[in-house]
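> sequence and predicted structure are below.
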Amino acid sequence: MCKVLFYFTRLCPKQEDTFCIRSSLRMAPSYFMKPETAHAKALDLINVGKKGSALDVLFEMLLYRRARSWQKSLEAPMFLFVDLCVELKRNQQFKRIAHHYRNISIQECPQSLDDVLKHYFSLIKEKTEEARKQSEDAVPDVEDLDILETPESLMLNAVNTENAQGRSGHTILMPWLKFLWEAYRICLDLVRNNVKYEHVYHRIARDAFDFCVEYRRQAEFRKLGEMVRLHTTRIQNQPAAPNGINLTNSETQIWHFETRLRQLDCAMELEMYNEAFRVVEDIWGLVLLSKKIDRPALMADYYSKTAELFLRSGYYLFHAAALYKRLALYREHKKAPSVEELSALGSKALCAALSVPLPHARAQFSIFSGEYNQAKQKALANLLGLSTVPTRASLLADLSTGRVQTIVPPELVTLYHALEVDFQPLKLVQRVQPALERIAEDSTLNAYLEPLHEVVVSKTLLQLSQVYRSLRFDELVRLCPFYDPLTLERCVIELIYNLELPMRVDHRRHAIIFDVYIDLGISQRDYSQTMQSTQTGGDQVSRQLTLFAQSLHQVAELLNVNESDSQARDIFVKEYMKTAEQHHHELLSRREHIEDRKEQLEQIQEERARMIEEEEERLDKEKRAIREQEEATLKVEAEERTKRHLEEQMQRRKLKIDRERLRTYINSAAAHNLSAAIMPEITEADLEQCSLELLVEKLHGDMYRRRTELLDRANARARKLDHFVRACRLQEIPLLKEAAAAEAKERFEIFQKAQQEAEEASKREHEETLKNNDRLSRMRGDIANLEKSLRSLEQSKYKAKHAEWEVLRTRVREERLAERRAAEEAARKLEQERLEAEARAQAEAKRLEAEREAAERRRQEEIAAALAEKRREEERLEREKQNQQQQRQQPAVQASTWRRKTVVLKDAEPSAPAPVPTAGAWRSAQKPQPVPTAASFEQSRPRFSQAPPSNNYGRYQDPRGFRPRSEMDNNQAPKDLWTRRTVVLPTEPRPAQKAAEPSKQQGSDDDGWQDVKRH
């Protein structure tokens, strides 16, 4: 089947329908054709009128898989292919070849694709311009000038709003406009993501914007903006690539910035202000991404265009802020600004700030949308790089701080002082009239004339309200002569509504009544405070006196009461006092009744609400179940319906495609006289029954036979041409030999003649040289003498200068050596002084440290001596106390039935070791013994725990007992100090105490030693 379609396409070069084109696109050539050959063959086909075939040939050559590297010979076929694509309106084929050509030329010659695209757009623009001229000229001729409208034109105008020229333009011009729009889209997508074609992308984008402006294509302009915005987003999100576009690059940022500025201009020319604001947001996004634009002129242009956009949109506040930003940028980056430029910029900024309307009390609220505008104003402020929303007062304060009054004309300075500084409501218009006349004459400032009129009226009314209570309307018309009475009244009503001014228009009296400032708007509260600060002392006193008089009048009316009223009030009070207590009890009981009634009502309402809620929940559940069931049923039905519709649609589409293919084959065969015998048998009525396979089989044989005939004819023609060329070459051989011999003879003669002329010229030159040498030889002696004298003179000068230089060098050297020695000596002295100072400082530090250590040792010794003395005193007191207690307890111990071992205190003899008890004594010790009294036990027990505390118990032990370390060192312990007691056992103990004494003595010794160890 594919082979049949290929043969049919090759044999039918004039067929240009969609099916044949797609067939040619799918089929690739079986051999590679050189670019020169393809170009020549395409030209031949164009000359015989087969442009579609020529396009197919070039398409196959350019798309062949072997054409993977760029070469210069590809440019000519590519330009011819572009011409054919434009003439035949084949955008899709151009798109495919352009992508392929970009891939093969991007490394070796990127400029080639740029040239191709320039040629492509130039051709399309020429065709579009021709179509526009044809649509303008294609107006039907009128046969009778008395009858300009024919019945046909009347009927057509009745059903269509376009005129004849519009209909002709729709027929002739619109196809080319659509073709040009598709070309812009294809080429922008072609070069959008490669840095080598970045300038091409931005040039095409600007051309596309100009195209939308030229032909007033608003829908295409919106789509183009979305496309550029989408491309920028993809660049930001795509990963880094070798040839990828980096938005942080300064050159790339400048390209994008300039393109978006052009887009902003086009949006304002098309009056698409919503799209213009979106473009401004895109531009500010680029500014935030780059953080700094290398060209301040671009930022100045941005502020100018945004200011124009705000002015057209009615945002006078942000228009003034943009102009202020431009003025600040101009002052900051302009190196040598001229006075005229600064004056123009300052005048425009000042007029824009003054023409900003006074802040409305409802400025934060949108009447039409019902939403607050604070977020919107914040977004607009962000577009200018402002952290907060500007105000009229802040802009004027910034301009005053920047001393803009020094660069603007004096009339504008007077206007500023009259509106913002001075308080002269009756002379306000007279003072601002010269400035308004200058603004009206200046073309750059006349846009602010109408807003300034409104501001002047607002300021006049506000200042008059501070002074007057009422004003005739005729007087106000006289004070504001630039408005007629009706317009002025409308302006006053708008100001009263917007600014919430406390005033009324009285039409009966033809006057304006100024009320007292009781409840002003937010902005006017601030304004009243500023006005109070600008009022003079007399004005403030007058205002306060007026208010004070009104208050006194009201108080006097309250105090001026009749006597009858006072008597009636006294009677009423007496009657009320009689029944006051009863009324009081009724009121108290009524309160309790009301509380009870409230509780009952609340209970009833809660019960009713609970019942209603339960009923609603039940109904909701039922409705939800019914709705879910219906949705499931509808979903199933929709799926079945969609499935049936798709099946029917597929069947219809298949039948339609089969019919179109059959009709295409029939038309192709009829156009090329193929199978003329079978053509009458296939009609439109038989298309439903005739199959595609049958028709292909019939056409296949005819096409094969015709192809064979064409190949045989071409071979015969080639053989004939070969024989003819061979015969011509055989005949021209003798003629070529004769011509070669004549040419060689002529060239030899010319060579000899040229050789002879060269020899003669050389001889003449030699003779002339000899003559000059003889003539100038007599001057050689003079030249030698002159050279000698000059050398001697220069040598003497050199020697003199050299001697001077030697003297100067010696002197300078000695001076430098002296300076160096002096510097070294000074440095040595400074270093020596520094070392001596350091040594003295170290010695002083050591002396101070030694003194401090000696003082610390003395202090520690004094503290230790004081502690030792205190400890000795305490020990002495403790021993005296113990001796007294022992003396008081001694008789009780002797009278005790429990007899302890005899204890003899000896100062110098050590205690004898206790005897080891026998087994019988140990058994007798196990029997119960009488418990000694606490007094006798404490008396006989050594009081090791009462020894003074010391840290030397574990290191030193005296055989006579434990003593403090300091006392042992002095060897002067008194006799009454505590010593270890010597225990002397009796020779014959009693039977009752024999077994218990060793254990008691051992326990006593152990207890004493345990106390010592614990200490």
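Alright, I've got the coordinates.

> where does Glu108 land in three-state SS?
Here Glu108 takes the coil state, with states given by DSSP: H, G, I helix; E, B strand; the rest coil.

> look at it and report its pLDDT.
Glu108 is assigned a pLDDT of 83 by the prediction.

> next up, phi/psi of it, please.
phi -90, psi -40 (degrees, to the nearest 10).

> count the residues that sit near it.
Neighbours of Glu108 under the rule other C-beta atoms under 10 Å: 11. C-beta here means a position set from N, CA and C on the backbone, and glycine is covered the same way.

> that one and Val456, how far apart?
Spatial separation of Glu108 from Val456 under the definition C-beta to C-beta, to the nearest Å is 70 Å.

> then Arg203?
If you measure Arg203 against Val456 using C-beta to C-beta, the figure is 49 Å.

> which one of the two has more residues nearby?
With neighbours defined as other C-beta under 10 Å, Arg203 and Val456 compare such that Val456 has more, 23 against 19.

> okay, and that one sits in which element?
Counting by DSSP states H and E, the element that carries Val456 is helix 449-465.

> cool, and Arg713?
Following DSSP H and E, the helix or strand that holds Arg713 is helix 692-776.

> which helices and strands does whichever helix or strand comes after that helix pack with?
Sequence-wise, the next helix or strand beyond helix 692-776 is helix 780-894, with elements assigned using DSSP H and E. Where contact means 3 or more C-beta pairs under 8 Å, 6 or more residues apart in numbering; DSSP states H and E, helix 780-894 is packed against helix 934-940.

> switch the cut-off to 10 Å
helix 934-940, helix 965-970 (3 or more C-beta pairs under 10 Å, 6 or more residues apart in numbering; DSSP states H and E).

> show me where the stretch 1-150 of the chain has helices.
Under the criterion DSSP state H, counting those that start in this stretch, the stretch 1-150 of the chain contains helices at 2-11, 18-26, 35-47, 51-63, 75-88, 91-105, 110-137.

> list the buried residues in the one helix or strand Ile235 maps to.
Ile235 belongs to helix 218-237 when elements are defined using DSSP H and E. Neighbour-count burial for helix 218-237, counted by 16 or more other C-beta atoms under 10 Å, picks out Glu220, Phe221, Arg222, Leu224, Gly225, Met227, Val228, Arg229, His231, Thr232, Ile235.

> the second one contacts Gln263, doesn't it?
Yes. In this structure, Phe221 sits in contact with Gln263. The criterion is C-beta atoms under 10 Å, and the distance is 8.5 Å.

> which neighbours do those two share?
Contact with both Phe221 and Gln263 is made by residues Ala208, Phe209, Cys212, Glu275, according to C-beta atoms under 10 Å, 6 or more residues apart in numbering.

> go through those residues and name the one nearest Leu436.
Proximity of the shared contacts of Phe221 and Gln263 to Leu436 (C-beta to C-beta) peaks at Glu275, which lies at 35.3 Å.

> name the nearest residue to the closest one, sequence neighbours excluded.
Ala267 (4.8 Å; C-beta to C-beta, 6 or more residues apart in numbering).

> domains of the chain?
If you go by automatic domain parsing, the domain ranges for the chain are 1-134+170-190, 449-544, 638-765, 896-1014.

> and the most centrally placed residue in the chain, what pLDDT?
Using C-alpha atoms, centre = their mean, the residue of the chain that lies closest to the mean C-alpha position is Leu288, 4.2 Å off. We have a pLDDT of 84 for Leu288.

> next one: Glu738
Spelled out, the predicted local distance difference test score at Glu738 is 91.

> what about it, how many neighbours?
For Glu738, the number of neighbouring residues by other C-beta under 10 Å comes to 9.

> give me the distance between it and Glu749.
Distance, Glu738 to Glu749, using C-beta to C-beta: 17 Å.

> thinking again about what came up before, ok, of the helices and strands packed on helix 780-894, where does mean pLDDT dip lowest?
When the helices and strands packed on helix 780-894 are ranked by mean pLDDT, helix 934-940 comes last with a mean of 40.

> CA atoms only: put stretch 53-73 into PDB for me.
Once non-C-alpha atoms are left out, stretch 53-73 reads as follows in PDB (Å, rounded to 0.1, in the frame of the first residue of the first chain):
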ATOM      1  CA  SER A  53       7.400  19.300  -6.600                       C
ATOM      2  CA  ALA A  54      10.300  21.700  -6.200                       C
ATOM      3  CA  LEU A  55       9.300  22.200  -2.600                       C
ATOM      4  CA  ASP A  56       9.200  18.400  -2.100                       C
ATOM      5  CA  VAL A  57      12.700  17.900  -3.600                       C
ATOM      6  CA  LEU A  58      14.200  20.600  -1.400                       C
ATOM      7  CA  PHE A  59      12.400  19.200   1.600                       C
ATOM      8  CA  GLU A  60      13.700  15.700   1.100                       C
ATOM      9  CA  MET A  61      17.300  17.000   0.500                       C
ATOM     10  CA  LEU A  62      17.300  19.200   3.600                       C
ATOM     11  CA  LEU A  63      15.700  16.500   5.800                       C
ATOM     12  CA  TYR A  64      17.900  13.600   4.700                       C
ATOM     13  CA  ARG A  65      19.700  11.900   7.500                       C
ATOM     14  CA  ARG A  66      23.200  12.400   5.900                       C
ATOM     15  CA  ALA A  67      22.800  16.200   6.000                       C
ATOM     16  CA  ARG A  68      23.900  16.400   9.600                       C
ATOM     17  CA  SER A  69      26.700  19.000   9.200                       C
ATOM     18  CA  TRP A  70      26.400  22.600   7.900                       C
ATOM     19  CA  GLN A  71      28.000  23.700   4.700                       C
ATOM     20  CA  LYS A  72      27.900  26.900   2.700                       C
ATOM     21  CA  SER A  73      26.200  25.200  -0.200                       C
END
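
> mind listing what's buried in it?
For stretch 53-73, a neighbour-count test (16+ other C-beta under 10 Å) marks 53-64, 67, 70 as buried.

> and the helices in the stretch 401-550 of the chain?
Across the stretch 401-550 of the chain, reading from the start of the chain, the helices by DSSP H, counting those that start in this stretch fall at 410-416, 428-441, 449-465, 473-479, 485-499, 522-534, 537-559.

> comparing those helices, which yields the minimum mean pLDDT?
The stretch with the lowest average pLDDT out of the helices of the stretch 401-550 of the chain is helix 522-534, scoring a mean of 40.

> make sure Leu261 is indeed in a strand.
No. Assignment of Leu261 by three-state DSSP gives helix, placing it outside any strand.

> residue contacts, the residue lying closest to it once chain neighbours are set aside?
In space, and not counting its chain neighbours, Leu261 is closest to Asp301: 5.9 Å by C-beta to C-beta, 6+ apart. Shown here is Asp301, whose contacts under the criterion C-beta under 10 Å, 6+ apart are Phe257, Glu258, Leu261, Leu264, Asp265, Arg295, Arg326.

> where does Asp301 land in three-state SS?
Per three-state DSSP, the secondary structure class of Asp301 is helix.
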